[in-house]
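[1] prediction below, plus the sequence it came from.
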Protein chains: 6
Amino acid sequence: MSEGVIERYASERERLNEIVMKYAGTSIKRFYGLDARVYRDGALPRKTKELLGLVASLVLRCDDCIKYHTIGCHESGVEDAELEEAISIGLVVGGSITIPHLRRALEAWDELRADAGVDD
Amino acid sequence: MSEGVIERYASERERLNEIVMKYAGTSIKRFYGLDARVYRDGALPRKTKELLGLVASLVLRCDDCIKYHTIGCHESGVEDAELEEAISIGLVVGGSITIPHLRRALEAWDELRADAGVDD
Amino acid sequence: MSEGVIERYASERERLNEIVMKYAGTSIKRFYGLDARVYRDGALPRKTKELLGLVASLVLRCDDCIKYHTIGCHESGVEDAELEEAISIGLVVGGSITIPHLRRALEAWDELRADAGVDD
Amino acid sequence: MSEGVIERYASERERLNEIVMKYAGTSIKRFYGLDARVYRDGALPRKTKELLGLVASLVLRCDDCIKYHTIGCHESGVEDAELEEAISIGLVVGGSITIPHLRRALEAWDELRADAGVDD
Amino acid sequence: MSEGVIERYASERERLNEIVMKYAGTSIKRFYGLDARVYRDGALPRKTKELLGLVASLVLRCDDCIKYHTIGCHESGVEDAELEEAISIGLVVGGSITIPHLRRALEAWDELRADAGVDD
Amino acid sequence: MSEGVIERYASERERLNEIVMKYAGTSIKRFYGLDARVYRDGALPRKTKELLGLVASLVLRCDDCIKYHTIGCHESGVEDAELEEAISIGLVVGGSITIPHLRRALEAWDELRADAGVDD
């Protein structure tokens, strides 16, 4: 089987983060730490936080960030109907300009479900 | 006591929506309907949806939308620590450019809590 | 009668443009010239160009730019139904985050019509 | 002849919309309906509406949306000089950050004209 | 003399930051620390960093952030011609949609110069 | 050796600019002239202006513009630590949504340094 969108994203991200770390000083490193921190379980569970990250990424229209949080949603147990409702909010807030991005979000989600062996 | 930020926002919004309805055709009316629809309880509870609306509004930096969802968060039982964590995600995703807006989000939140008689 | 939104916008704009011209060098002046140039009658009539400027300003959510092109639409003979359809496109493309701005666009439009003595 | 940018865009869009429809609930479907509705002939002709959609997409810098409305402009009889003037407005409103996108808009336009057998 | 734009901005910012600190947890506090850190003298002098912050704020069109960095530019010794050139870059990159914001940037700058007793 | 990101970007840009020039009228041409003009040595040196262009492009998240100014930074003698500090400002102002773009900025930078035979 050919490499999927998730695998391609993940290996490219790893390759480029190595280059980032070659140049990153204290501020960039601290930002990376903060970025990891805010999605951890707290007063809100990680699952809700991944949905927040996904909708923020959708309205700001960043495909890589959308993939990152689609994976996070999948890992933290988000279900199809929950993802669809979160995406609907992103679509209504952000408008039709988000449609190409929600297409790719659902492509990634569909692949994650298939890889996990979910029956349709 | 002088009129607070919530009251000023709500009365201005009502006044202007009357003007909108004077001109609105089918498409604008359907959009308004859709906009109300996506925040109702479903697979995700309204509370989570208001947090999604708040973070989307924060990263897109719209003060009126932020006030709207801050009120929605308050009405649906969001607690201080939950709001703060959602705002932290918006801040990290959207950057320091969101800071003036999170200030005003917390000003509105603080007023809503005071009006509700919450002890600090 | 108290000063309307159009008059307040226009006098503030004039006051601030004087400050801009105190500091502006060649590049800023050329940009201002180019900005005036693109809305003139050409292959497309000024009316269509003002609608393009309005929708661009609406999806980018700039209230001052929206007022500027709402005035331009009024001056170039845009009718209520045409304005409403252009705004609907801006709303669908840009999402609910544009709603506070379309409210203020229609407030300005309503005032321009009233000042022109249009019967409802 | 190798597949052009329009064909590649259209087939990818179709493939992904099938995935969207697998997950879409009522809100997403209604949004899609509204999105189709606002570009139909009305007080403003479809041609003007496609230009509005194009300029909105250009200033928001979404290549897929730009391709969608470039095709719509071509289908509704927009001429070269009209497209160029609309793009100039998008460039002036949105700035040099739109240049990579207007390049790709004109690449798509050039291909649509060539496919239609327009003489240069 | 009536209160100027700088004084109004500064006192409002202080008032609201007190509310932020009432609710802020570790992530928001760390972000504030990081935000202060990146503008300090380093390989690039603070003056250049304030210009970077100003142009970033201008193209993202945040009036409060623009005021913050206009003050920072003034404090770190930026001269009129340098500010004008930085603003020209922001205008060309970000387009005419930044014009209302550059007007207010230059209003703030003009006030800072007047308060400092600079001769015109 | 396979073609790098810089070479691919530059040849694609050249190919597309030829199509732009086939359609461009006076306004687009003047904008291109203005765009070249603002980065020339003046009160601020070109090096600072390229950093301003880079940070503006980073917070607006345009990969092509980022590559353009990364090349400009390299040509005008920006050093690693200076680039890193400018990027840190873009990251803090624009948030984690800029991370995929700063990754690609540093990939381009790394390639430019390697091509120039810089020792690590």
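    Structure's in. What do you need? Remember, predicted model here, so these are calculated numbers, not experimental data.

[2] only C-alpha atoms from now on, for both contacts and neighbour counts.
    Noted.

[3] hang on, isn't A:Ser96 packed against C:Gly90?
    No - contact criterion C-alpha atoms under 8 Å: A:Ser96 and C:Gly90 do not qualify, at 9.7 Å.

[4] neighbours around A:Arg30, how many?
    A count of neighbours around A:Arg30, defined by other C-alpha atoms under 10 Å in any protein chain shown, yields 15.

[5] helix or strand for it, which one?
    helix A:26-37 (DSSP states H and E).

[6] same deal with A:Pro100?
    Element membership for A:Pro100 (DSSP H and E) is helix A:99-115.

[7] get me the contact residues on chain A for chain D.
    Residues of chain A lying near chain D by C-alpha under 8 Å from any C-alpha of the partner chain: A:80-81, A:84, A:88, A:91-92, A:96-97, A:100, A:102-104, A:106-107, A:110.

[8] are any of those residues buried, and if so which?
    Those of the residues of chain A next to chain D that meet the buried threshold are A:80, A:84, A:88, A:91-92, A:96-97, A:100, A:102-104, A:106-107, A:110, by 16 or more other C-alpha atoms under 10 Å in any protein chain shown.

[9] out of these, which touch chain C?
    Answer for those near chain C (C-alpha under 8 Å from any C-alpha): A:Leu91, A:Val92, A:Ser96, A:Ile97.

[10] which one of those residues sits closest to chain F?
    A:Ile97 (15.6 Å; C-alpha to the nearest C-alpha).

[11] now do the phi/psi pair for that closest one.
    phi -60, psi -20 (degrees, to the nearest 10).

[12] quick one: it and D:Arg61 touch, right?
    No - using C-alpha under 8 Å, A:Ile97 makes no contact with D:Arg61, being 9.0 Å away.

[13] for the residue most central in space within chain A, give me its contacts.
    Centre of chain A computed as the mean C-alpha position; nearest residue by C-alpha atoms, centre = their mean is A:His69, 1.8 Å away. For A:His69, the contacting residues are A:Glu50, A:Leu51, A:Gly53, A:Leu54, by C-alpha atoms under 8 Å, 6 or more residues apart in numbering or on different chains.

[14] what pLDDT does the model give it?
    We have a pLDDT of 98 for A:His69.

[15] equivalent analysis for A:Ala116, please.
    pLDDT, A:Ala116: 88.

[16] repeat for A:Glu79
    pLDDT, A:Glu79: 98.

[17] how much space between A:His74 and A:Ile89?
    Distance check for A:His74 against A:Ile89: by C-alpha to C-alpha, to the nearest Å, it reads 18 Å.

[18] more neighbours: which of those two?
    A:Ile89 (27 against 18).

[19] which SSE is that one in?
    helix A:80-94.

[20] does anything pack onto that helix? Which helices or strands?
    The contact analysis (3 or more C-alpha pairs under 8 Å, 6 or more residues apart in numbering or on different chains; DSSP states H and E) places helix A:80-94 against helix A:46-60, helix A:99-115, helix B:26-37, helix B:46-60, helix C:80-94, helix D:5-23, helix D:26-37.

[21] outside of that helix, which residues touch it?
    With C-alpha under 8 Å, 6+ apart as the test, helix A:80-94 has contacts from A:51, A:55-56, A:58-60, A:73, A:98-99, A:102, B:34-35, B:38-39, B:42-44, B:49, B:52-53, B:56-57, C:93-97, D:23-25, D:27-28, D:31.

[22] cool, and stretch A:96-113?
    With C-alpha under 8 Å, 6+ apart, stretch A:96-113 has contacts from A:4-6, A:58-59, A:61-63, A:66-67, A:70-71, A:74, A:87, A:90-91, C:92-95, D:16-17, D:19-20, D:23, D:35, D:57, D:60, D:62, D:64-65.

[23] selecting buried members of these in PyMOL, what would you type?
    A single PyMOL command suffices to select whichever of the contacts of stretch A:96-113 are buried according to 16+ other C-alpha under 10 Å:
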select buried, (chain A and resi 6+58+59+61+62+63+66+67+70+71+74+87+90+91) or (chain C and resi 92+93+94+95) or (chain D and resi 16+17+19+20+35+57+60+62+64+65)
